[in-house]
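Q: okay, sequence plus prediction incoming.
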Amino acid sequence: GEGDGLAALEAFYAEHGLPAAVQVTPADRHSALDARLAARGYRSTAPVLALTAPAARVAEGAGARGGQGAVELAGAPTAAWLDAFHALDGGGDGAVVSRQVLPRIADPAGYACAVRDGRVAGIALFVASAGAAGVFCVAVRPDCRRRGVAEGLLRAGAHWALGRGAEQLYLQVAEANDAARRLYERAGFTLSHRYHYRVRE
């Protein structure tokens, strides 16, 4: 039964020295499972929104502001992109991502740098496959925020995605990140679904 499955999951994670974790997605379709996990002692993590947008709409730049500067896209992470990624990581796991995740990303990938006054103002990563492209690692220097940098990155990435046959864009954003949600909404993204994890310590 389900209890046996959870017991096996918990044993697997324990064997690897990790807390058991279950992704509840889409959250609105799995309320019964969510309740059972909560009753078993699994705590809920911050909910995440999965958003999608037509790449053509994002490429048009609906709601964009001027002044974002040039956006450069490369097929692999440049030294400038990696430096900005680490600088803007905010104490996260950027070093681990650089070593273990980025080298495994299959082509085509587009590493975007927005440049302002000769410096990287923001970055994003676009990965295309099967008619859609994921948007990852969007980050803007604090002194360049609210100046159209992120919008410029999204437009450039949408053009890049369309050139590779990806008509849809998708991304994930923390439900609590109001500023990012407003940015993506202006760019044309709408809600696909919500999800969260349940973690048993």
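A: That came in fine, so what should we check first?

Q: in stretch 16-35, what counts as buried?
A: For stretch 16-35, the buried set under the neighbour-count rule, 16 or more other Cβ atoms under 10 Å, comprises 20, 22, 24, 27, 30, 34. Bear in mind the C-beta positions are built from the backbone N, C-alpha and C, glycine included.

Q: and if you look at stretch 155-165?
A: Applying 16+ other Cβ under 10 Å to stretch 155-165 flags 155-162, 164 as buried.

Q: from the residues you listed, which land in strands?
A: Per DSSP state E, strands hold no members of those.

Q: with pLDDT added, can I get these in CSV?
A: Listed next are the buried residues of stretch 155-165 as CSV, based on pLDDT from 0 to 100:
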residue, pLDDT
R155, 96
A156, 96
G157, 97
A158, 97
H159, 96
W160, 97
A161, 97
L162, 97
R164, 96
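
Q: let's see which of those residues end up in helices.
A: 155-162 (DSSP state H).

Q: which of the buried residues of stretch 155-165 sits closest to D107?
A: Sorting the buried residues of stretch 155-165 by how near they are to D107, with Cβ to Cβ, puts R164 at the top with 9.6 Å.

Q: pretty sure the closest one is in contact with D107, am I right?
A: No. Assessed by Cβ atoms under 8 Å, R164 is found out of contact with D107, at 9.6 Å.

Q: related to what we said a few turns ago, between the buried residues of stretch 155-165, which is nearest A114?
A: Among those, A156 lies closest to A114 (Cβ to Cβ), at 8.0 Å.

Q: which of the three states applies to the spatially closest residue to that closest one that is not a sequence neighbour?
A: Taking Cβ to Cβ, 6 or more residues apart in numbering, and ignoring the residues beside it in sequence, A156 has V71 as its nearest neighbour in space, at 3.8 Å. Recorded secondary structure, V71: strand (DSSP: H, G, I helix; E, B strand; the rest coil).

Q: wait, what's in contact with V71?
A: Contacts here follow Cβ atoms under 8 Å, 6 or more residues apart in numbering; on that basis V71 touches 112-115, 152-153, 155-156.

Q: in CSV: the residues you listed, plus distance to A95.
A: CSV is the format used below for the contacts of V71 (distance: Cβ to Cβ, whole Å):
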residue, distance to A95
A112, 21
C113, 19
A114, 23
V115, 24
G152, 27
L153, 23
R155, 30
A156, 26
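
Q: redo those residues as CSV? Include secondary structure.
A: As requested, the contacts of V71 are arranged in CSV below (three-state DSSP):
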residue, secondary structure
A112, strand
C113, strand
A114, strand
V115, strand
G152, helix
L153, helix
R155, helix
A156, helix
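
Q: any of these buried? List them.
A: Taking 16+ other Cβ under 10 Å as the criterion, what is buried in the contacts of V71 is 112-115, 152-153, 155-156.

Q: from those, which is closest to A39?
A: Set against A39, the nearest of the buried ones among the contacts of V71 by Cβ to Cβ is L153 (42.9 Å).

Q: neighbours of the spatially closest residue to that closest one that is not a sequence neighbour, how many?
A: Nearest in space to L153, with sequence neighbours left out and distances taken as Cβ to Cβ, 6+ apart, is A124 at 4.3 Å. Neighbours of A124 under the rule other Cβ atoms under 10 Å: 26.
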